[in-house]
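**Student:** below are the sequence and a predicted model; questions follow.
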Amino acid sequence: MTKSHPAESDKSRKAPTRKEITITGFGGQGVVLTGKILGQAAALGDHMQSTLVQAYGPEARGGACSAQVIISELAIHFPYVRKPHILVCMSQSGFDKYIADLSEDGTLITDQDLVEPRGYEKEYFTIPATRMAEELGRKMMANIIMLGFLTAVTAAVTLDAAQEAVVDSVPKGTEQLNLKAFQKGFDFGEATLKGRKKRAIGEAGA
């Protein structure tokens with residue numbers, strides 16, 4: 001029987017998956033619902049550990065709000081996000097407040113028409129989620145479009161788990177419309193990734 005070298009064993013071990021996510025916006029955008037769906041998808045669909053912490057400003061609608069989600073393979077002993085790996089901003093005030101917390105190699109995602117990432121010089125992801133929701137005739141579904149986009153570009157949860165959590169969480173009778181909104185965001189995310197890949201190949205071949 002051959003024994004593996006300790007150093008080789010250490011290299012072959014995969015670090016436990018852990019993602020800390022902050023979703024920000026203002027009351028009425030469904031920010032907390034987005035966090036709830038994300039956490040539920042991780043826990044029930046992907047069989048991971050997840051926590052959700054929500055915070056509201058002085059006003060329920062129109063005031064600042066955020067949802068902090070942690071997804072992990074291991075038990076989560078502290079539910080608050082300190083340095084998010086993923087920061088989703090659906091309002092300018094949310095970006096201004098939380099951008100300094102984003103981890104060094106973190107992923108920034110913004111609503112293209114609502115957030116101007118002033119002073120942020122790294123590459124980031126953006127989608128006109130609110131505009132796309134308005135085109136669907138349901139501005140309130142911008143959060144579901146954003147969730148689909150997040151799922152595509154970060155793989156924080158699997159597609160099937162996210163879709164199941166959406167169906168389970170939205171008002172009865174709106175499931176198909178919400179799934180359509182989710183798919184629009186997901187498709188936009190996949191197209192964004194393909195565009196980046198083609199650009200990277202082009203730059204490498206230049």
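**Tutor:** Sure thing, it's come through.
**Student:** going forward, measure contacts and count neighbours with C-alpha atoms only.
**Tutor:** Fine.
**Student:** from what I see, Gln68 and Gly39 are in contact.
**Tutor:** No. If you go by C-alpha atoms under 8 Å, Gln68 and Gly39 don't touch, sitting 9.6 Å apart.
**Student:** give me the common contacts of those two.
**Tutor:** Common neighbours of Gln68 and Gly39, using C-alpha atoms under 8 Å, 6 or more residues apart in numbering, are Thr51, Leu52.
**Student:** which strands and helices sit next to the one helix or strand Leu177 maps to?
**Tutor:** Following DSSP states H and E, one finds Leu177 within helix 175-205. For helix 175-205, the packing partners by 3 or more C-alpha pairs under 8 Å, 6 or more residues apart in numbering; DSSP states H and E come out as helix 142-154, helix 159-169.
**Student:** strands along this protein, start to end?
**Tutor:** Using DSSP state E, the strands of the chain run over 18-26, 49-56, 64-72, 86-89, 107-111, 125-127.
**Student:** and among the ones you listed, the most buried is which?
**Tutor:** With neighbours taken as mean count of other C-alpha atoms under 10 Å, the strands of the chain reach their highest mean count in strand 86-89, at a mean of 27.
**Student:** what pairs with that one, parallel or antiparallel?
**Tutor:** Strand 86-89 sits in its sheet next to strand 18-26 (parallel), strand 107-111 (parallel), going by DSSP bridges.
**Student:** how far does that strand sit from the chain's center?
**Tutor:** 6 Å (C-alpha atoms, centre = their mean, to the nearest Å).
**Student:** please apply the same query to stretch 143-154.
**Tutor:** Remark: stretch 143-154 is offset 6 Å from the chain centroid, using C-alpha atoms, centre = their mean.
**Student:** stretch 159-169 too?
**Tutor:** Computed by C-alpha atoms, centre = their mean, the separation of stretch 159-169 from the middle of its chain amounts to 14 Å.
**Student:** who touches the residue positioned nearest the centre of the chain in this structure?
**Tutor:** By C-alpha atoms, centre = their mean, the chain has its centre lying nearest to Leu150, at 4.0 Å. Leu150 sits next to Ile109, Ala156, Gly185, Phe186, Gly189 when contact means C-alpha under 8 Å, 6+ apart.
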